[in-house]
Each structure stands twice: as C-alpha cells, then as structure tokens.
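Enquirer: Dropping the sequence and predicted coords here.
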Amino acid sequence: MALNLLKKTALPTKSPAAKLKSASARVRKVDLPEAGPVEPVDTSYLRTLVGYNARRASLAIIETFMVRMAPYDLKVVDFSVLSLVAHNPGITSRQLCAALNVLPPNLVGLIAALERRGLIERLPHPSDGRAMGVHLTPQGMELMVQAEKTAFDLEMDATSRLTDAERKTLIRLLQKVYTPVD
C-alpha cells in the first residue's frame, strides 16, 4: 500500500534536455554592448619568467608541429621515440625512458603501437641477453626521413626571426635549464 502511495505521489521527472530547454526559456535576453578592442594587458612580470616564456614558445611550436606531423600520424612523443631509434639503432626501452624522461609503463603502449604500425621492431640486444633493442623498419626509416625534414623546416619557420647564432644559443640555454649538472 505504501508503494502504491509513493507511485501516485511521485512527481514526473523531466529529461535533462527538457530541463535545459525549460531553463533556457526562463533566461532573460540581454543586449550586450558590442565588443570593442581589447585593452592591452600588463604581462611584464610574466615575461620575466623563464617558465612562462619557454611554455609560450613551446605552445607556438607544438601547435604547428601537430599540424605538420598529422600527415605522418605522429604525435610529439611518437616523433621523439622514432627519432631516438633512428639515431640510436638497437636502443633499449630503458634508454628511451631515460632519454625522454618517460615512465616505463607509458612507453610500453607507445612501443607496441609503433610496432603495430610497422615502424619499429624489437630484436635481441647483442650484448644484453635480457634486453631487446628497438630498430626502425624500412617503412619507419622512410617515414622518419620525411618527418625529420618536416621538423627541420618547422624549426626554421618558427625561429625565422633569430639568426643562426641566436638559434644555437637559445637551444644551448634551454638545454642548460633541463639537463642535470654532472
């Protein structure tokens, strides 16, 4: 009997879409002033920070990198792994993790995906019987020749306002920030 009473007194519930439609009907329309020019924002303090400037530069380059690497179906980390393998045939997963500062579980799936794409293969390491060396396949080599050319062109475009000496200095200084002191 109590169950029947609950059924009779329960209020009908509206779907989320109906609730949204009902709420939007109650919202009063307000005419907003036309947006004018945005006033300049003082970023002078942020511009004194290495992290802020490095991040801004990184975002500008990575956005273009993603667009230019889309035809190769490569993300930044894919490109980095393949480039390391191209320049270090037989590199181990442990070495890749150390070079890219990546945790081993994160690398396992990446290596497997690149292997499924036919870009890399794992072969027994010549001096460490427990390790496997990672090598580019012929398809991987062909892809990396094109992708590294694209990356080089992107770097030249992104740093076109720098001289060659300034570009080298910028790279050297950035490396000093993230490379540990021996």
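Expert: On my side now, so go ahead.
Enquirer: which residues does the spatially most central residue of the chain contact?
Expert: Closest residue to the average C-alpha location of the chain: Val76 at 5.5 Å, with C-alpha atoms, centre = their mean. By C-beta atoms under 8 Å, 6 or more residues apart in numbering, the contact list for Val76 reads Ile62, Phe65, Met66, Met69. Placement of C-beta: from N, CA and C, glycine included.
Enquirer: can you tell me the helix or strand for Asp123?
Expert: Check again: residue 123 is Leu, not Asp. strand 120-124 (DSSP states H and E).
Enquirer: do the same with Pro126
Expert: Short version: Pro126 belongs to no helix or strand, going by DSSP H and E.
Enquirer: Give me the helices and strands touching the one helix or strand Glu155 maps to, please.
Expert: Element membership for Glu155 (DSSP H and E) is helix 138-158. Applying 3 or more C-beta pairs under 8 Å, 6 or more residues apart in numbering; DSSP states H and E, we find helix 138-158 packed against helix 50-69, helix 76-87.
Enquirer: returning to what we had before: please, a ChimeraX command that selects the buried ones among the contacts of Val76?
Expert: Restricted to buried positions by 16 or more other C-beta atoms under 10 Å, the ChimeraX selection for these reads:
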select :65,69
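Enquirer: Low-confidence ranges, the chain, go.
Expert: Within the chain, the set of residues satisfying pLDDT under 70 comprises 1-33.
Enquirer: repeat that for 90
Expert: Along the chain, the parts satisfying pLDDT under 90 run over 1-38, 125-131, 178-182.
Enquirer: now the helix holding Glu155, how far from the centre of its chain.
Expert: Centroid displacement of helix 138-158 relative to its chain, using C-alpha atoms, centre = their mean, to the nearest Å, is 17 Å.
Enquirer: likewise stretch 50-60?
Expert: Worked out by C-alpha atoms, centre = their mean, stretch 50-60 lies 14 Å from the chain centre.
Enquirer: next one: stretch 154-166
Expert: 22 Å.
Enquirer: Buried residues, it. List them.
Expert: In stretch 154-166, counting by 16+ other C-beta under 10 Å, buried: Leu154, Ala158, Thr159.
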